[in-house]
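> my questions are about this predicted structure, shown below with the sequence.
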Amino acid sequence: MIQMNLNRKATLAFFALMLVAIGVPLAAAQGNSVEYQYSAGIVSLTTDDIAIKVTGNNQAPHFHWWDPNTPTVDYHVMFVKMFEANDTNTDGVFDSATDQVIGAPFVLPTTDWNFSDFVTVEEEESTTEVHFNFTTTTEYDPRPEGTGTDYGMLPSKPAFNVSIEVRVHMNLTNSGEMKFDLIVEGWDWTYEDSILVLQFTVTESAHGELQGESDPSAFHQTGTKFQFDAGYFEYEETAYAATNTLEVKASYGEGTGMEAGESIYLAFENFGDETLEYDPILGIESTTTGFVPDTMTLVLIGGAVVVLLLVVVVVKRR
């Protein structure tokens, strides 16, 4: 009889714990959504793990993000320039010390970026995905007159139009990061053996500052990821041009102009007159060391414990 009672207690306790185990993920899923809005040329995106602002007007594309759980430092990445360069040692990497920029760099415009509006995916009344674009078409003159700047290897060709589209994707499957596609169309190459370089600047600031003016803390490269404190910029080693795959190589160092912070250079092999498509990632390294229950989870756990205690009392009375 004693053994039977012990078995009954164990079974009931196990059943109560199963209720807790089932309730925890259900509770964690409730209220988990991407918050988003667009105002004055700025898109704001927020999840439990990252808060992001993406600016397309009044400056070149600017990605500004932080950890909402410890909002002390903000990270800033700006897509500032594109330029053609000769690859001196044919290694596919842009080296600012030895590789020469061909013509004037194409400085990205600060205005005339068109916002596409949001496309979202909803599941059980929660927004699980948010997508939007910033797009511009701008005339680029690779040999501007009257600048007095010696760029070397100057091309003798007229100005041409370049279209750039920044497609931003937020998905709760990876709630601590944001992917952005870069689409470049209309690039008119000067030389067939040169590379196209996309230059980004990385800075940081105190939380709430609109611009980053300080060098990013502990900036370093590990594999395909540039890390700085809890933030990171991750690049893919492959891009696409029509049905062709392109090799992408990265380097970093000082800017080609007066840019603050660290510069990241992504170099693409010549893709002819096709459209370049590429998708790097920005994110926050997770600093959570364990499960932190929300209010609903605590209610479920508390309810299960109460049920378990009542079961124990009833069994004892028998």
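Yep, it's here.

> what's the longest strand in the chain?
strand 126-140 (DSSP state E).

> got the angle between whatever helix or strand comes next after that one and strand 126-140?
The helix or strand immediately downstream of strand 126-140 is strand 160-171, counting by DSSP states H and E. Angle, strand 160-171 to strand 126-140, by axes from the mean of the first three to the mean of the last three Cα atoms, to 10 degrees: 170 degrees.

> tell me what strand 160-171 is packed against?
Other elements packing on strand 160-171 under the criterion 3 or more Cβ pairs under 8 Å, 6 or more residues apart in numbering; DSSP states H and E are strand 42-46, strand 51-55, strand 126-140, strand 177-185. Just so you know, the C-beta spots here come from the backbone N, C-alpha and C atoms, and that holds for glycine as well.

> possible to save those strands as JSON lines with distance to D95?
Shown next, in JSON lines, are those (distance: least, Cβ to Cβ, whole Å):
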{"stretch": "strand 42-46", "distance to D95": "35"}
{"stretch": "strand 51-55", "distance to D95": "30"}
{"stretch": "strand 126-140", "distance to D95": "24"}
{"stretch": "strand 177-185", "distance to D95": "22"}
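
> for these, which one ends up most surrounded?
strand 51-55 (a mean of 21; mean count of other Cβ atoms under 10 Å).

> which residues does the spatially most central residue of the chain contact?
In the chain, the residue lying closest to the centroid (Cα atoms, centre = their mean) is L282, at 2.4 Å. By Cβ atoms under 8 Å, 6 or more residues apart in numbering, the contact set of L282 is I52, F63, W65, Y75, V77, E177, M178, F180, G231, Y232, F233, E234.

> what is the mean pLDDT for the helix or strand containing it?
According to DSSP H and E, L282 maps onto strand 281-284. Strand 281-284 comes out with an average pLDDT of 98.

> flag every buried residue along it.
Using 16 or more other Cβ atoms under 10 Å as the test for burial, strand 281-284 gives I281, L282, G283, I284.

> what sits against the last one?
Spelled out, that is I284. D49, I50, W65, W66, D67, G176, E177, A230, G231, Y232.

> which stretches of the stretch 51-200 of the chain have low pLDDT?
144-156 (pLDDT under 70).

> any chance you could map the helices in this protein?
Using DSSP state H, the helices of the chain run over 2-29, 295-317.

> for E262, which of the helices and strands packed on strand 160-171 is the nearest?
strand 177-185 (18.6 Å; Cβ to Cβ).

> now A230, nearest residue through space, not along the chain?
Setting aside the residues directly before and after it, A230 is nearest to E285 in space (Cβ to Cβ, 6 or more residues apart in numbering), at 4.9 Å.

> follow-up on the earlier one: dump the strand holding L282 to CSV, restricted to CA.
The C-alpha coordinates for strand 281-284 follow below in CSV (Å, rounded to 0.1, in the frame of the first residue of the first chain):
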residue,chain,number,x,y,z
ILE,A,281,23.8,40.8,-41.4
LEU,A,282,23.9,43.1,-38.4
GLY,A,283,23.2,41.9,-34.9
ILE,A,284,23.6,41.7,-31.1
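
> parallel or antiparallel, list what pairs with the longest strand of the chain.
strand 114-115 (antiparallel), strand 119-123 (antiparallel), strand 160-171 (antiparallel) (DSSP bridges).

> could I have the CA atoms of the second one written out in PDB?
To tie it back to what came earlier, the one meant is strand 119-123. Taking Å, rounded to 0.1, in the frame of the first residue of the first chain, the C-alpha atoms of strand 119-123 are listed here in PDB:
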ATOM      1  CA  VAL A 119       5.400  43.900 -45.900                       C
ATOM      2  CA  THR A 120       4.700  41.800 -42.800                       C
ATOM      3  CA  VAL A 121       4.000  38.200 -41.900                       C
ATOM      4  CA  GLU A 122       1.500  37.600 -39.100                       C
ATOM      5  CA  GLU A 123       1.100  34.500 -37.000                       C
END
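
> grab the nearest non-local neighbour of T138.
P109 is the one closest to T138 (Cβ to Cβ, 6+ apart), at 5.0 Å.

> next up, the contacts around that neighbour.
For P109, the contacting residues are A60, T136, T138, by Cβ under 8 Å, 6+ apart.

> stretch 238-246: how far from the chain's middle?
21 Å (Cα atoms, centre = their mean, to the nearest Å).

> do me a favour and get the end-to-end distance for that stretch?
The first and last residues of stretch 238-246 sit 5 Å apart, counting by Cα to Cα, to the nearest Å.

> any idea of the mean pLDDT in it?
95.

> that older thread, got the strands paired with strand 126-140 as CSV, with distance to Y240 and mean neighbour count columns?
Listed next are the strands paired with strand 126-140 as CSV, based on distance: least, Cβ to Cβ, whole Å; neighbours: other Cβ atoms under 10 Å:
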stretch, distance to Y240, mean neighbour count
strand 114-115, 23, 14
strand 119-123, 21, 12
strand 160-171, 13, 18
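
> export these to a markdown table and tack on distance to V130?
Listed next are the strands paired with strand 126-140 as a markdown table, based on distance: least, Cβ to Cβ, whole Å:
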| stretch | distance to V130 |
| --- | --- |
| strand 114-115 | 13 |
| strand 119-123 | 5 |
| strand 160-171 | 5 |
